[in-house]
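Novice: Mind looking at a prediction? Sequence and model below.
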Amino acid sequence: MKKILFLTALVVALVLVGCASTSPWDVTDNSVGSKIGEATQTTWFWVFRTGDAGVITAAQNGGVQKIGAVDIRDVNYIIFRTTTVVVAGD
């Protein structure tokens, strides 16, 4: 019984463990400004994708007309991954 409980706890811990990173992707001559837009895409089992993590979608979501900087944030779990594009500008 103790082995089953330990293995169950181990599997749950591995599923909840993730790795996150944020990296600058692009910077333009425009000012960074005060508007920020985000767009997220989730990938399940490395095959199925939902959402739209495009730069244009992120700019539209934040009302950004002139893009000043673009960052990409990735969060990886065992069974899924989320990619968020963050756009800043005016």
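Specialist: Here it is on my side, so go on.

Novice: what are the ranges of the helices in the protein?
Specialist: Applying DSSP state H to the chain gives helices spanning 2-16, 55-62.

Novice: May I see these arranged in CSV, with mean neighbour count, distance to Ile79 and mean pLDDT as well?
Specialist: For glycine as for every other residue, the C-beta is placed from the backbone atoms N, C-alpha and C. Shown next, in CSV, are the helices of the chain (neighbours: other C-beta atoms under 10 Å; distance: least, C-beta to C-beta, whole Å; pLDDT from 0 to 100):
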stretch, mean neighbour count, distance to Ile79, mean pLDDT
helix 2-16, 9, 7, 75
helix 55-62, 18, 24, 95
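
Novice: Now Ser31: closest residue in space, sequence neighbours ignored.
Specialist: Closest residue in space to Ser31, ignoring its immediate chain neighbours: Gly68 at 5.4 Å, by C-beta to C-beta, 6 or more residues apart in numbering.

Novice: One more: Ile72?
Specialist: Leaving aside its chain neighbours, Ile72 sits nearest to Trp25 (5.0 Å; criterion: C-beta to C-beta, 6+ apart).
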